[in-house]
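[1] Output the structure for:
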Amino acid sequence: MRNAAEDLAMCEAATPGPWKTSQHDQYSLDIVSVPEQEVICWTDSFGQGARDGHFIAESREALPHWIRRAVAAEDREKKLIEALRLIAEESEDLGSVDCARETLRAYDEVKAESEDNMPTTPEPIREWIRQQTDLSPAERDELAADMEGYFKQRKERIRQPSE
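    Below is the predicted model of the structure:
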């Protein structure tokens, strides 16, 4: 699982942005800082290399932007849930209590469903599978599916109360 604070620190440790792509020659594309034009890295100027270069340049500003927005949204969500729990537990208005309880129940269902759809295979194992270049893409997909199944079963066993 990713850690927002660590990912944001990684972004902030990199050369400041924005970055852009700049054609170096017929075959290579530089990713450079703006306005300094300091070369960060380079890639092929055609095909997948060009798409990767554009992704790298745009990610310099996009990744920290979306991390900050996600962290702010998670903070707002926590505050809203705390407020709803307070209403559900302490309000004297039965209509408000019922509304807060129903909203919390729906929230718990959505959260459980989203957690169930998250990959359960730890990221280092998913990365290791991606690096198995001696396997065909279909074999890597099959291995990934097998590992995901294993970790889902393990997660279910952990959730079950011990007898």
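
[2] need the strands for the protein, in chain order.
    Per DSSP state E, the chain carries strands over the ranges 19-23, 28-33, 39-44.

[3] deepest of those, which one?
    Highest mean neighbour count among the strands of the chain (mean count of other C-beta atoms under 10 Å): strand 28-33, with a mean of 21. For the C-beta atoms, the positions are set from N, CA and C on the backbone; glycine is no exception.

[4] shaky segments in the chain?
    Judged by pLDDT under 70, the chain has its weakly predicted residues at 114-119, 158-163.

[5] Scan it for its longest helix.
    Of all segments of type helix in the chain, defined using DSSP state H, the longest is helix 47-90.

[6] That helix - contacts with which helices or strands?
    Helix 47-90 makes packing contacts with helix 4-13, strand 19-23, strand 28-33, strand 39-44, helix 94-117 when contacts are defined by 3 or more C-beta pairs under 8 Å, 6 or more residues apart in numbering; DSSP states H and E.

[7] closest one to Asp93 among the strands of the chain?
    Ranking the strands of the chain by distance to Asp93, with C-beta to C-beta as the measure, places strand 19-23 first at 53.6 Å.

[8] The closest one to strand 39-44, inter-axis angle?
    Taking axes from the mean of the first three to the mean of the last three C-alpha atoms, to 10 degrees, one finds that strand 19-23 is oriented at 50 degrees with respect to strand 39-44.

[9] what's strand 19-23 packed up against?
    Under the contact rule (3+ C-beta pairs under 8 Å, 6+ apart), strand 19-23 is packed against strand 28-33, helix 47-90.

[10] who does it pair up with?
    Each strand that pairs with strand 19-23, with its direction, by DSSP bridges: strand 28-33 (antiparallel).

[11] ok, and what's touching the partner strand?
    Strand 28-33 is contacted by residues 15-24, 38-45, 49-50, 53, 56-57 when judged by C-beta atoms under 8 Å, 6 or more residues apart in numbering.
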